[in-house]
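Enquirer: I need the structure of the sequence given here:
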Amino acid sequence: MGRKVTLATCSLNQWAMDFEGNSKRILESIEIAKKKNAAYRLGSELEICGYGCYDHFYEGDTLLHSFEVLAMLLQSPVTQDIICDVGMPIMHKNVLYNCRVIFLNKKILLIRPKMQLCNDGNYREERWFTRWMKPRQVEEYFLPRMISSITGQKTVPFGDAVLSTRDTCIGSETCEELWAPSSSHIAQSLDGVEIFTNASGSHFSLRKAYVRVDLVKSATAKCGGIYLFANQKGCDGDRVYYDGCSMIAINGSFVVQGSQFSLDEVEVLTATLDLEDVRSYRGNFASRARAAAQSEPYPRVMADFSLSKDDDIFLPSYEPVEWRYHSPEEEISYGPACWLWDYLRRSGQGGFFLPLSGGIDSSSTACIVASMCHLVCQAVDNGNPQVLTDVRRIVGDPDYVPQNPKELAGRIFVTCYMASENSSEVTRNRARQLAEQIGSCHQSIQIDTAVSAVIGIFTAVTAVIPRFKVHGGSPRENLALQNVQARLRMVLAYLFAQLTLWAQGRPGGLLVLGSSNVDESLRGYMTKYDCSSADINPIGGISKTDLRAFIRFCVDKFGFTALKEIYDAPPTAELEPLAEGQIAQTDEEDMGMSYEELSIYGRLRKMMKCGPYSMFCKLIHTWKNTCSPAQVAGKVKHFFRSYSINRHKMTTLTPSFHAENYSPDDNRFDLRQFLYNVAWTWQFRAIDKQVDALEKNKSTPNTEEPATTPQHGSGPTN
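Expert: Numbering: from 1, shown residues only. Just a heads-up that it's a prediction; the model follows:
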C-alpha cells in the first residue's frame, strides 16, 4: 500500500477580469504539476477571475465567464488524472459565495465555499460575498447546463465537507480561515484530515511575511498534518501587491518555500511527503487522541483515486528547510519594483517619467525603477520568455535584448530636474549624478519663465504682486508662490511624459511616477496637484525612516554612491528663496514635527485606533523622559490640526503601492471624512483637563524640560 504523496501548490500572477490570461496560467501550472508527478494541484483564491474584481463581482458576466473557464478546464487533457483545486465566485440559491471547485477527470467532486470572510484593511469581501454559515453541512448545487453537459452531473455537493481518497483525507481552507481564531483545520484534523489546503489572496506589507509562516507552522505543529498554502502574486490591477510566498509544511516544519518577489508569472512548488509521518506524529499526543475520539464528523465526499502509488518506496523523503526572510530594505527594493513592472507591461505604456529633485523621496523612487531594471535583466538572463516579450513590446523593438540594467533604464526611464530660482546647484548635481549612475535619460529644465507667466496673469487682473515671506509677504502670499512652482512641475511632468517618446520617434507615452511618502501624506505636507499627483507612486505607502534605510541599502546593493550625499542632506522642498545660494527651508521645520514623530502618530492613529485623547494618554508615557504633559499635548494637537486641515488632499492621492499599515489612503484603506472641525474642541478640552490634573499631581510622569538629545521622536512644535 502506497503512503507517499506528491502535492503541488502554485503562485500565479493573475489579473482581475483577464479570463484569457488567467486560464492559460492555470493550465500551465497544472501541466507543470503533472510533470512533477503531483496528484493534487492547489491554486490561489479566486484565480479564475482574479481576486481584485471588486464590484465586477456584482455582474452576471463575471460569473458566466468564470463558468466558461471552468468548462474549458474540465475538458482540457491537461487536467486529467490529477485533482485540481481552483477558485471562482459561485451563486447558490441567489447568494454569492467565494468558492473552491475541486474536480477530477471531468467530474466535480466538491464546491467548498469560504467560511470566514476578510473585511478589514484593504479587504471588503462582505461587500460582495456571504460566508458559508452551515458548519459540517452540505447541500446539492444544481450545475449550469454548460458544466452539466461535460461532467454528466446534474448536482454536486456544496458546503463544508472534506474529500476522502483511497489513501488519505483532504480539507480546504480559504485565506482568512487560517487567520481566524476558530480555523477550520483544527476541527478537520480531529476528524482525520491529513492534508490541509489554503488558497489565499494575501497582499504584501512591510515586515508581514512572518505572520503567514508562523500561522502555518503553528497549525501543523499543533494539529499535525501537511499544509499547502497557495497565494496569488503580482499586481492584479490595484494598489496592493500579492507577494506569493506559497509554501508546503508538515508537522511544524517547512519543506518548500516559494519566492516572495519574482517576475515569473507561474510558479509551481511540489513536495513528496510520507503520510505515515503525519500518523505517527499525531499518535504521540494522547490529548489529541481524546479530543479526536469525540469530535463531530465532517461530511465526506468520496473520490475513487489515490494520491500515492504502490511502488513509492524508492521516492525520497522530504528534508526540512529554514525559512529565509527578506530584510525591510530588500522588501522595499523588490516589492514596489515587481508592482511597477506589472503595471508598466499591462498598461501598454513605454516607460516611466520621474521629476527627480535630488532628495530622499524622488531618489528612492528612482532606485526602485533601477531595481526593476535589475529584476527584468535577471529574468531575461534566466530565460523567461514572457519578460523578454514584454520588454520588447515596451521599447518597440521586436529584436531587443537588454544588455544590462543601466542600458535598459536608458530605454524606459526618463528623469527630469525641474529647477526654479529657488533651486540650488547642490540638488541639481545630486539629481544628475544619480541619473548617470542609474542610466536614465536625464533632463534639466528651468521653470521660472512659466512661473513668472502665471503670476503675471494674476497681477494683470488684481494689480498686486505677491511676495515671499522673506521679502515682506504674508503667509498666504508665501504659500501661494510655493504652490505655483509645485503645480507647474506637475503640468510639465505630464507634458514631457506624453511627448518625450514622440520627440524620439517612438510610439506610446510614459507613466508619471509620484514620490510622496506615507508620512507626508498623513501630515498633508504636499501641494494638492503638484508632483505628488502622478499616475502611480511606488513609495506612497513607505515611511521616510524606511526610505532612508533603503537609500543606504542601495549604496551597497547597486553601487549608487551619489546617494551618500542625498542621505546626509536635510529634506527640503526648495520652494522658498535661497539664503546666499544656500537652502533656507527644511521639511521638518515647515511641518513643525519630525518624520520620526510622524511615524509614531501614524501608527497610533491607524493601527492603535487612537483619537487625540487616547494618543495623548499613550505619549505622555512614551515621551515622559523628554516632554512635559503640556508639551505632549501641544504636539498631539498640532498633529491633529494639521492632519484634519489637509485631509482633503487624500481624496486625490495618487494610487500608491500599499506597504504600511498606517497608510492614510482615502480610497478604501483609511475611510474617514475629509471635512473636519479642525478645532477639535471637545477632544482637546479633554486633553487640557488631563494636563491640568497631571501638573497638580506630584506622582505624574517627569515634567522637566526636554533633554538635550531628543528620544522617541520628540521635536519642535508650532
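Enquirer: residue furthest from the geometric center of this structure?
Expert: residue 463 (50.3 Å; CA atoms, centre = their mean).
Enquirer: tell me the pLDDT at that one?
Expert: Listed pLDDT for residue 463 reads 95.
Enquirer: now residue 664
Expert: 76.
Enquirer: determine how far the helix ranked longest in the chain lies from the middle of the whole chain.
Expert: Ranked by number of residues, the top helix in the chain under DSSP state H is helix 475-503. Taking the mean of its C-alpha atoms, helix 475-503 sits 29 Å from the chain's own mean (CA atoms, centre = their mean, to the nearest Å).
Enquirer: so what secondary structure elements neighbour the helix or strand just after that helix?
Expert: Per DSSP states H and E, the first helix or strand lying C-terminal to helix 475-503 is strand 511-512. When contacts are defined as 3 or more CB pairs under 8 Å, 6 or more residues apart in numbering; DSSP states H and E, strand 511-512 packs onto helix 328-347, strand 352-355, helix 475-503. Heads up, the C-betas are built off the backbone N, CA and C, glycines and all.
Enquirer: and the longest helix of the chain, which residues are buried?
Expert: 477-479, 481-482, 484-490, 492-494, 496-497, 500-501 (16 or more other CB atoms under 10 Å).
Enquirer: sorry, back to before: how near is the residue farthest from the centre of the chain to residue 478?
Expert: 20 Å (CB to CB, to the nearest Å).
Enquirer: quick one on the thing from earlier: mind putting the helices and strands packed on strand 511-512 in CSV, distance to residue 441 and mean pLDDT included?
Expert: Formatted as CSV, these follow (distance: least, CB to CB, whole Å; pLDDT from 0 to 100):
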stretch, distance to residue 441, mean pLDDT
helix 328-347, 16, 97
strand 352-355, 10, 97
helix 475-503, 8, 94
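Enquirer: could you dump the ones you listed to TSV with distance to residue 572?
Expert: Formatted as TSV, the helices and strands packed on strand 511-512 follow (distance: least, CB to CB, whole Å):
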stretch	distance to residue 572
helix 328-347	22
strand 352-355	15
helix 475-503	12
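Enquirer: which among the ones you listed is found nearest to residue 622?
Expert: helix 328-347 (22.0 Å; CB to CB).
Enquirer: who are the packing partners of the closest one?
Expert: Using 3+ CB pairs under 8 Å, 6+ apart, helix 328-347 sits against strand 233-234, helix 360-381, helix 385-395, strand 511-512, helix 544-558.
Enquirer: of these, which is nearest residue 405?
Expert: Of the helices and strands packed on helix 328-347, the one closest to residue 405 (CB to CB) turns out to be helix 360-381, at 3.9 Å.
Enquirer: mind listing what's buried in the worst-scoring helix or strand of the chain on mean pLDDT?
Expert: Least confident helix or strand, the chain: helix 587-591 with a mean of 78, by mean pLDDT, DSSP states H and E. For helix 587-591, burial by neighbour count (16+ other CB under 10 Å) applies to 587, 588, 590, 591.
Enquirer: repeat for stretch 65-82
Expert: 65-74, 76, 78-79, 82.
Enquirer: so what pLDDT did residue 12 get?
Expert: Looking at residue 12, the pLDDT reads 98.
Enquirer: list the residues that contact it.
Expert: 22, 25, 26, 29, 43, 44, 47, 232, 233, 265, 266, 267 (CB atoms under 8 Å, 6 or more residues apart in numbering).
Enquirer: wait, isn't the second one in contact with residue 266?
Expert: Meaning residue 25. Yes: with contact defined as CB atoms under 8 Å, residue 25 reaches residue 266; the gap is 5.4 Å.
Enquirer: joint contacts of those two?
Expert: 12, 13.
Enquirer: with neighbour numbers in mind, choose between these two.
Expert: residue 25 (21 against 18; other CB atoms under 10 Å).
Enquirer: list the contacts of that one.
Expert: 12, 13, 14, 265, 266.
Enquirer: and for the third one, the neighbour number?
Expert: Around residue 14 there are 30 other residues, counting by other CB under 10 Å.
Enquirer: repeat that for residue 632.
Expert: 28.
Enquirer: same question for the one 3 residues further on.
Expert: Under the neighbour criterion other CB under 10 Å, residue 635 is assigned a count of 26.
Enquirer: please tell me how far it sits from residue 71.
Expert: 61 Å.
Enquirer: cool, residue 499 as well?
Expert: 47 Å.
Enquirer: kindly report the same for residue 60.
Expert: 16 Å.
Enquirer: where do the helices sit along the stretch 501-650 of the chain?
Expert: 518-523, 544-558, 562-568, 587-591, 595-602, 612-622, 629-646 (DSSP state H, counting those that start in this stretch).
Enquirer: could you identify which of those helices is most buried?
Expert: Most buried of these, by mean neighbour count (mean count of other CB atoms under 10 Å): helix 518-523, with a mean of 26.
Enquirer: pull the CA atoms of it into PDB?
Expert: Output of helix 518-523 as PDB, limited to C-alpha atoms (Å, rounded to 0.1, in the frame of the first residue of the first chain):
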ATOM      1  CA  VAL A 518       3.300  57.900   3.600                       C
ATOM      2  CA  ASP A 519       4.300  60.400   6.400                       C
ATOM      3  CA  GLU A 520       3.900  63.500   4.200                       C
ATOM      4  CA  SER A 521       0.600  62.200   3.000                       C
ATOM      5  CA  LEU A 522      -0.600  61.700   6.600                       C
ATOM      6  CA  ARG A 523       0.500  65.200   7.600                       C
END
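Enquirer: other residues contacting that helix?
Expert: Applying CB under 8 Å, 6+ apart, the external contacts of helix 518-523 come out as 361, 526, 532, 540-544, 587, 591, 593, 595, 598-599, 601-602, 605, 639, 642-643, 646, 649-650, 653, 656, 659-660, 662-665.
Enquirer: so where's this structure shaky on pLDDT?
Expert: 1-2, 573-575, 578-585, 698-718 (pLDDT under 70).
Enquirer: wasn't residue 661 part of a strand?
Expert: No: under DSSP: H, G, I helix; E, B strand; the rest coil, residue 661 falls outside any strand and is assigned coil.
Enquirer: the nearest residue to it once chain neighbours are set aside - how many residues pack around it?
Expert: Distance criterion CB to CB, 6 or more residues apart in numbering; nearest residue to residue 661, sequence neighbours excluded, is residue 607 at 5.4 Å. Neighbour count for residue 607, taken as other CB under 10 Å: 11.
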